[in-house]
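Novice: when you get a sec, could you give me coordinates for this:
(2 chains)
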Amino acid sequence: MWVEVEAQISSRQNSLHSCARQRLQKEERISFTLIEMARSLAGFLVLLLVISICEAASLFQPISDSHRSAALELFTSDHGSFKSLEETYEALRTFQILGIEKKPDVTAAACRSISETVGSSSTPKDLFYALKANSIAQCKIHEKASEGIISSLKAAVSGASLLLDFYYSIGGLVLIKDQSSKADIRLADAEGVFRSVKAFSQSDGRWRYSSNNPESSAFAAGIALETLAGIVSLASSELDQSLISTLKNDMSKLFDSIEKYDDGTLYFDDKLVDGHEYQGPLSTTSSVLRGLTAFAAATTGNINLPGDKILGLAKFFLGIGVPGDAKDFFYQVDALACLESNRVSVPLILSLSSAVLSLNKKDSLKVRVTTVLGSKAPPLTVKLVGAFSSGSKDASLVESQELKFDQGSGLHILNDLPKSIDVGSYTFVFEVVLQEPEDEKVYVTGSQTKVPVFVTGIIKIENSEITILDSDLGSVESQSKLDLAAKNAVSLSANHLQKLRLSFQLTTPHGRAFKPHQAFLKLRHESKVEHIFVVGNSGKQFEIVLNFLGLVEKFFYLSGKYDMELTVGDAAMENSLLVAIGHIELDLPEAPEKAPRPPPQPVDPYSRYGPKAEITHIFRAPEKRPPPELSLAFLGLTILPLLGFLIGLLRLGVNMKNFPTKPVPATFAVLFHVGIGAVLLLYVFFWLKLDLFQTLKAVGFLGVFLVFVGHRTLSHLAAASAKLKSA
Amino acid sequence: MAREKSSKDNAQALFHSLRSAYAATPVNLKIIDLYVGFAIFTALIQVVYMASVGSFPFNSFLSGVLSCVGTAVLAVCLRIQVNKENKEFKDLPPERAFADFVLCNLVLHLVIMNFLG
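Specialist: Numbering: from 1, shown residues only, chains lettered A, B, ... in the order given. Take a look at the predicted model:
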């Protein structure tokens, strides 16, 4: 299916061969076209004619097997049953049109939901869709049930006020008339109903949904036409012909508002007023077609619609390709089924089995003309009336000729393409002529069909050689022939005073000059720095001269080995090539101070964004500590002054004579010294393991104790010394 | 020559007079002086140690030196307050001064122990 989609995309892309694109291609070869324009005024006038008509060439394919397989994929059911009667009907109708076999579980589930809806009292909308689905599924409806339906629908018709009410009830009545045994269902006041529906029409051909709502749409027009067709078929007596002719006028007004795409497709679209109510161009056009064909089938007499418009609508639906949505698929297929057999005109589609022809394989041009659903066309002849090259504005390259019809395959074949058709892109113009004159009233073929054709072939590459020349004298230093079909391993060397010349010739299969889309010479240095040069041409001869004296700065003064690679490619070239020519050792002068550096080459993303090397934390080197012996020695030295102090105290004659002897002051004195000792011990513990808060707490307690005890001791001592003084 | 001799004699005479005058100071003041000398000497040893091995745990060095210097300063304050010849602190009982000395030393050493690390 993807191949088909690609084919459709390519055909759609080809169908965008608008004038703008032709002009763009023209600008590519501006130098040549200016000269050519000056030379051929006649050709210029032909170009103006072509631009003024300016319908782009496009390729339309009728319904094919890709549609069938897509339908099977899109219309999936849960054990045969769909979500609603509407979807059931759409799936059944799509399978019926495409000729896909009915699956038993789908039919059974459809019958179940239909009988359910029919049995109970349902809205006209549900009944309508149930009956529509039944027209395909062919389930039996009970007599009593059908009677009930008829009566409820008739009641709905008389009580209807909105366009959609009329649509469902009238449509239901038409369907049940076909399905039930009672063939006699007539509308009593057909003319009255007709007028009430007609009241919804507008002067511009569009219709409204209700008398209150001023919004009008073409979609509603299609619905109204279908409803009116139903009324005509149900009418018990002949309706007033003037009503029908005014309706035909409305239809032509509606068709005046048809819109157009560049590639000649026509469609109906409504203005986007309220997103809720907006139906896209696909469903709107489909609805209008349904209405039109239903009306044509129900009435007699001529419907004056130009066949071109029908053909344009057919191209619109075929140009969609294979839709991806089930609803869009149904609209497309249903509209094409209306076009396939209708009383107005049946469009015939011209398609090519392949839009790409190969001169090498001697492909022949195969054309098929069928109806939109792919059925056989009536006897006709296909003529190739012209072929125009896409880029130029010359006259037709071929004379008008008829294509041979092959009865077995149903194809019109042109076996040998004229010699004037070389490789490249062309627009072929076909004309289809019906053999029986009566068929002209039934079928419409369009005056001229433009189809884009692409011709490919093998381009001959000859006389390829590479030379090193001396810059000043132009004398050849070394020269070697190349075979560009295979890989070459030429080894050259040059310095900055020399030139490199590469030349070859390109010729098309019919011997003409050929300018490919790409002709590049790439030089790549060992350090992956690349330089690309375009190979220019004059006629068939392609040549490039690299003057290294001027290129020294472009090459960033990088000397060394350069790989050479030639690329010649084009869409029309079946043997496009990318071939390695060989190496050249370039000796360039030294780079000066301010020379630009070559741009940094892209780094392998995994190495740039990959994990970096792991960083291990380097801890601060610990300070050098002195050797422990030195520290211990100084510790000993620090004790020395204490010893000196103690010895000095002894020498001074320190004594304990003033220590109180009486027991109470003595205990206080002892406690005082103990207290001081305890505080000092606490400080030692503080340094060893306690923290400040614990220490402060302890100091608090000890300090209070110490102050109390010290006060007692020292006041006792003071009193004692005062007594001594006074004594 | 006579001048050198006289200067040498003068220095010797000065030293002797200082020595004899010092001998006359009361014993408790001498104890305090001895204590001050001990503290300063300890500080000096610590400075010499730091000069030889570098000041790496600088806080330890500072706390050590400042504890010696601090206690020496407090002892000097005690000496001033206890000295009977000092007219300024005539009314201050020496026990009171000693109590201040003890208290201030305890606070100083708490801070020193915290800073020792």
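
Novice: just the pLDDT at A:S283, thanks.
Specialist: On the pLDDT scale, A:S283 is placed at 89.

Novice: my guess is it contacts A:F219. True?
Specialist: Yes: using C-beta atoms under 8 Å, A:S283 is in contact with A:F219, at 6.6 Å. C-beta: built from backbone N, CA, C; applies to glycine.

Novice: those two: which is more packed in?
Specialist: A:F219 (26 against 21; other C-beta atoms under 10 Å in any protein chain shown).

Novice: isn't the more buried one right up against A:L289?
Specialist: No: assessed by C-beta under 8 Å, A:F219 is found out of contact with A:L289, at 11.4 Å.

Novice: what about A:T107, distance to chain B?
Specialist: From A:T107 across to chain B, the span is 96 Å (C-beta to the nearest C-beta, to the nearest Å).

Novice: what's near enough to touch that residue?
Specialist: By C-beta atoms under 8 Å, 6 or more residues apart in numbering or on different chains, the contact set of A:T107 is A:G80, A:A137, A:C139.

Novice: quick one: which of those residues is most hemmed in?
Specialist: A:A137 (21 neighbours).

Novice: so that one makes contact with A:S115?
Specialist: No: judged on C-beta under 8 Å, A:A137 makes no contact with A:S115 at a distance of 10.6 Å.

Novice: picking up where we left off before, of the contacts of A:T107, which is the nearest to chain B?
Specialist: Closest approach to chain B among the contacts of A:T107 (C-beta to the nearest C-beta): A:G80, at 88.5 Å.

Novice: residue contacts, the closest one?
Specialist: Residues counted as contacts of A:G80 (C-beta under 8 Å, 6+ apart) are A:K103, A:P104, A:D105, A:V106, A:T107, A:A108, A:A109, A:A110.

Novice: 7 Å instead?
Specialist: By C-beta atoms under 7 Å, 6 or more residues apart in numbering or on different chains, the contact list for A:G80 reads A:K103, A:D105, A:V106, A:A108, A:A109.

Novice: so how far is A:Q498 from A:I532?
Specialist: As judged by C-beta to C-beta, to the nearest Å, A:I532 and A:Q498 stand 20 Å apart.

Novice: show me which of those two is the more surrounded one.
Specialist: A:Q498 (21 against 11).

Novice: how close does the more buried one sit to A:S341?
Specialist: 77 Å.

Novice: report the buried members of the contacts of A:G80.
Specialist: A:V106, A:A109 (16 or more other C-beta atoms under 10 Å in any protein chain shown).

Novice: turn the contacts of A:G80 into CSV, columns for pLDDT and secondary structure.
Specialist: As requested, these are arranged in CSV below (pLDDT from 0 to 100; DSSP: H, G, I helix; E, B strand; the rest coil):
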residue, pLDDT, secondary structure
A:K103, 81, coil
A:D105, 83, helix
A:V106, 83, helix
A:A108, 85, helix
A:A109, 85, helix
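
Novice: what residues does chain B have near chain A?
Specialist: B:27, B:30-31, B:34-35, B:38, B:41-42, B:45-46, B:49, B:53, B:56, B:93, B:95, B:98-99, B:102, B:106, B:109-110, B:113-114, B:116 (C-beta under 7 Å from any C-beta of the partner chain).

Novice: looking at the contacts of A:T107, which is nearest A:A71?
Specialist: Lowest distance from A:A71 to these (C-beta to C-beta) belongs to A:G80, with 15.8 Å.

Novice: skipping adjacent residues, who's closest to that closest one in space?
Specialist: Leaving aside its sequence neighbours, A:G80 sits nearest to A:D105 (C-beta to C-beta, 6 or more residues apart in numbering or on different chains; 3.3 Å).

Novice: chain center to the helix or strand where A:D563 lies, what's the gap?
Specialist: Using DSSP states H and E, A:D563 sits within strand A:560-569. Computed by C-alpha atoms, centre = their mean, to the nearest Å, the chain-centroid distance of strand A:560-569 equals 35 Å.

Novice: packing partners of that strand?
Specialist: Here strand A:560-569 touches strand A:518-525, strand A:577-587, going by 3 or more C-beta pairs under 7 Å, 6 or more residues apart in numbering or on different chains; DSSP states H and E.

Novice: relative to chain B, which of the ones you listed is closest?
Specialist: strand A:518-525 (58.2 Å).

Novice: who are the packing partners of the very next helix or strand once past the closest one?
Specialist: Counting by DSSP H and E, the next helix or strand C-terminal to strand A:518-525 is strand A:530-534. Contact analysis of strand A:530-534 by 3+ C-beta pairs under 7 Å, 6+ apart lists strand A:518-525 as its packing neighbours.

Novice: how about a cut-off of 10 Å?
Specialist: Applying 3 or more C-beta pairs under 10 Å, 6 or more residues apart in numbering or on different chains; DSSP states H and E, we find strand A:530-534 packed against strand A:518-525, strand A:541-547, strand A:560-569.
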